[in-house]
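A.B. asks: Sequence first, then the predicted structure:
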Amino acid sequence: MLTVDFRQFPIAPRDRVLDLGCGFGRHAFELFRRGADVVAYDHSLEELREVSTMFYAMSTSGEAARGATAAVVRGDVLSLPFPDASFDAVIASEVLEHIPDDEAAMAEITRIVKPGGQVAVTVPRWWPEQINWALPGEYQNTPGGHIRIYRGDQLISRLEATGLQVRGQHHAHALHSPYWWLNCTFGRQSLPSRTYNKLLEWDIISAPWVTRTAEKLLNPVMGKSLVVYADKPAAREGTSSAAA
């Protein structure tokens with residue numbers, strides 16, 4: 001289940017791309033399929049081990065694009081162990097809402113992107129997330145969980161303050177909003193949550209036209225995720241990449 005739309009975030013073979021806060025690797029795997037030299041970055045050793053295993057399986061089965069490379073790196077989002085201007089693109093999907101100093105994280109993202117490169121950031125959308133926080137349950141109190149809710153203009157202004165230029169946005173995963181409302185109300189193991197989860201699994205595996213059409217129509221109204229695309233301005237003539 002991808003949140004970033006690669007029609008709006010084009011990746012060329014051999015682009016060097018960082019999947020920041022990769023989790024279990026959904027975007028990293030798609031980048032590898034598309035021929036990127038991908039670095040999956042996270043703080044969780046457990047998740048990185050699974051991503052590394054999947055990278056190996058993709059390579060040996062021929063699922064990854066020929067010539068593409070993949071690596072996993074563990075570290076802190078506030079101190080990325082990469083030189084300035086070292087990536088053609090960065091994806092930070094459902095990451096910034098977990099980080100106390102999100103502005104420092106955004107500055108790090110901008111630092112490591114090459115001039116002329118691109119960034120995709122996704123966060124929970126404001127009003128579906130407000131409902132999650134208002135309902136009973138421990139949604140927002142989970143250790144390592146969400147610590148803020150972004151309004152779209154707030155996220156955009158913070159990204160642009162680092163020097164990025166936002167060029168587009170959309171919403172995604174409308175069918176997932178009710179799932180989280182059910183979890184918050186009844187619990188993840190409740191019959192309503194488990195039943196709805198089966199619907200989502202069917203949608204992810206089979207992609208039937210009825211659910212794909214419904215989500216496309218509902219995304220502008222109740223999409224769970226806000227997706228923002230931004231570019232780092234190209235260096236002016238006579239300006240070094242490291243200084244840009």
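C.D. replies: All right, it came through fine.
A.B. asks: Next up, the contacts around the residue most central in space within the chain.
C.D. replies: Central residue check for the chain by CA atoms, centre = their mean: the C-alpha nearest the mean position is that of S93, 1.5 Å away. The neighbours of S93, taking CB atoms under 8 Å, 6 or more residues apart in numbering as the test, are T3, V4, D19, G21, G23, H27, A120, V121, T122. C-betas here are computed from N, CA, C, even on glycine.
A.B. asks: ranking those by neighbours, who comes first?
C.D. replies: Each of those was scored by neighbour count (other CB atoms under 10 Å); the top score is that of D19, with 31 neighbours.
A.B. asks: Surely that one and G25 touch.
C.D. replies: Yes - contact status for D19 versus G25: in contact at 7.3 Å, counting by CB atoms under 8 Å.
A.B. asks: what touches both of those two?
C.D. replies: By the contact definition CB under 8 Å, 6+ apart, D19 and G25 are jointly contacted by A40.
A.B. asks: State whether A234 is indeed within a strand.
C.D. replies: No - remark: A234 does not belong to a strand; assigned using DSSP: H, G, I helix; E, B strand; the rest coil, it is coil.
A.B. asks: tally of neighbours for it?
C.D. replies: As a measure of burial, A234 has 13 neighbours, counting by other CB under 10 Å.
A.B. asks: what bridges to the residue nearest to the centre of the chain?
C.D. replies: The residues paired with S93 through beta bridges, assigned by DSSP bridges, are T122.
A.B. asks: how about stretch 227-237: buried residues?
C.D. replies: Counting neighbours by 16 or more other CB atoms under 10 Å, one finds that the buried residues in stretch 227-237 are V227, V228, Y229, A230, D231, K232, A235.
A.B. asks: and it, average pLDDT?
C.D. replies: Averaged across stretch 227-237, pLDDT comes to 89.
A.B. asks: Next, the distance between the ends of stretch 139-153.
C.D. replies: With CA to CA, to the nearest Å as the measure, the ends of stretch 139-153 fall 24 Å from one another.
A.B. asks: Please compute how far it lies from its chain's middle.
C.D. replies: Centroid separation between stretch 139-153 and its chain, computed with CA atoms, centre = their mean, to the nearest Å, is 15 Å.
A.B. asks: in the chain, which spans are strands?
C.D. replies: 16-20, 37-42, 70-74, 87-93, 113-124, 165-172, 225-231 (DSSP state E).
A.B. asks: give me every residue that touches A65.
C.D. replies: Contacts for A65 were tallied using CB under 8 Å, 6+ apart; they are P13, F32, R33, R34, G35, A36.
A.B. asks: Same check on F186?
C.D. replies: Going by CB under 8 Å, 6+ apart, F186 touches P192, S193.
A.B. asks: what pLDDT does it get?
C.D. replies: On pLDDT, F186 comes in at 93.
A.B. asks: could I get the strands of the chain as CSV with distance to G145?
C.D. replies: Putting the strands of the chain into CSV (distance: least, CB to CB, whole Å) gives the following:
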stretch, distance to G145
strand 16-20, 18
strand 37-42, 16
strand 70-74, 20
strand 87-93, 16
strand 113-124, 11
strand 165-172, 20
strand 225-231, 16
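A.B. asks: who wins for proximity to S52 among those?
C.D. replies: Across the strands of the chain, S52 has its closest neighbour in strand 70-74 (4.8 Å, CB to CB).
A.B. asks: Listing partners with orientation, what would you give for that closest one?
C.D. replies: Here the strand partners of strand 70-74, with direction, are listed using DSSP bridges: strand 37-42 (parallel).
A.B. asks: in the strand it pairs with, what counts as buried?
C.D. replies: Along strand 37-42, the positions that meet the burial threshold by neighbour count (16+ other CB under 10 Å) are D37, V38, V39, A40, Y41, D42.
A.B. asks: where does this protein have low pLDDT?
C.D. replies: Counting by pLDDT under 70, the chain shows low-confidence ranges at 138, 140-143, 237-244.
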